[in-house]
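S.K.: okay, predicted coordinates and the sequence, questions at the end:
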Amino acid sequence: MMIETLVIVVLLTFLIVCTIGIIVLRDLLAAVILLGMYSLIAAGIFIVMDAVDVAFTEAAVGAGISTILLLACLSHTSHVQKPQQHNNIWALIMVSLTGLLLLYGTMDMPGYGDANSPAQQHPELAQRFIHESGSEVGMPNVVTSVLASYRGYDTLGETVVVFAAGVAVLALLGLKRREGLEPEDDEPESGNRRVSRQVADGEQDRGNDGVANS
Amino acid sequence: MFSAIIIALLVSMALAITRALLGPTIYDRILSVNSIGTKTVLLMAAYGFATGRPDFLDIALVYALINFIGTIAILKFFEYHDLGSGAYQEDDY
């Protein structure tokens, strides 16, 4: 369809512009903002390509969580990139070569939306999902029934891994923050900080109790 | 008619991206990323209606929420230089 091609081409151009901006800009906060913008536009492309679940993930992870994580990183460092001293011509050559190789690798792949591709023609998987999932699972969306029912254990394992990683990151960040609060005693305290310190102390107490109990 | 809406949205997205790239102050960039998010939500809704599948509206609503969270995080970082505490620090930004 005409409008679909137009939207995809224009959005891909936006992605290129955003990427060049991220590379060129020295202000890291602006780069983080552009990265969030990049994710939103990429999610729009995925929507146009009918991959709604991928678009959802891209928006939640790319625009939501990574923006927050990168900002948390920036709060521990400077937000202006240092000018580069050395010449990066070899890195550019390597990156270009890798990109060309990847592009070459996509030559063998079937065209976008090709109904005759091997993945669509597999008799026991794709054909069966397309024809039977409506009666077997009852979801109108085949992707949802594959994700949540046919490979439900795989999805459960994935979720557990992501949850464990999230808990680990939170534990690391939380420990860092409590250490960081200590040396700021000489500053005049605002009400908010006192409250947050009380909360942090309470958490530590609870943590100690937990250790003592176990 | 939906095509005209989509083209208008794409043009306004281009303008917002230009502002994000050129923007001399951080406020320009925050405003532009916020308006890019709004335009994406609108684009999704318009595209859903243009292709006859208004189910995209639900996803557009979730996008609006995510966009809000991202803007809040950026603004909080900008105000406090920190995401963890709610304390205010006098600083020259």
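M.R.: Arrived safely.
S.K.: hmm, stretch A:29-40 in reach of chain B?
M.R.: Yes: residues of stretch A:29-40 contacting chain B under Cβ under 8 Å from any Cβ of the partner chain: A:29-30, A:32-34, A:36-37, A:40. Quick note: C-beta positions are derived from backbone N, CA and C, even for glycine.
S.K.: now do stretch A:43-51
M.R.: Yes: counting by Cβ under 8 Å from any Cβ, chain B has neighbours in stretch A:43-51: A:43-44, A:47-48.
S.K.: okay, and which of those map to helices?
M.R.: Judged by DSSP state H, the residues of stretch A:43-51 next to chain B include A:43-44, A:47-48 as members of helices.
S.K.: show me the domain layout of chain A.
M.R.: A:1-81, A:121-150, A:156-209 (automatic domain parsing).
S.K.: can you select the buried ones from the residues of stretch A:43-51 next to chain B in ChimeraX?
M.R.: One line in ChimeraX is enough to select the buried ones among these; burial here means 16 or more other Cβ atoms under 10 Å in any protein chain shown:
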select /A:43,44,47,48
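S.K.: ok, the residues of stretch A:43-51 next to chain B vs A:V137, which is closest?
M.R.: A:I47 (23.5 Å; Cβ to Cβ).
S.K.: neighbours of B:T40, how many?
M.R.: B:T40 has 27 neighbouring residues, counting by other Cβ atoms under 10 Å in any protein chain shown.
S.K.: name the next helix or strand downstream of the helix or strand it falls within, please.
M.R.: Secondary structure assignment for B:T40, by DSSP states H and E: helix B:26-50. Moving toward the C-terminus from helix B:26-50, the next helix or strand (DSSP H and E) is helix B:56-80.
S.K.: what helices or strands is that next one leaning on?
M.R.: When contacts are defined as 3 or more Cβ pairs under 8 Å, 6 or more residues apart in numbering or on different chains; DSSP states H and E, helix B:56-80 packs onto helix A:28-48, helix A:52-57, helix A:66-74, helix B:26-50.
S.K.: where in chain B is pLDDT low?
M.R.: Along chain B, the model assigns pLDDT under 70 to residues B:81-93.
S.K.: mean confidence score for the helix ranked longest in chain A?
M.R.: For chain A, the helix with the greatest residue count under DSSP H is helix A:152-181. Helix A:152-181 carries an average pLDDT of 81.
S.K.: got the angle between it and helix A:66-74?
M.R.: 30 degrees (axes from the mean of the first three to the mean of the last three Cα atoms, to 10 degrees).
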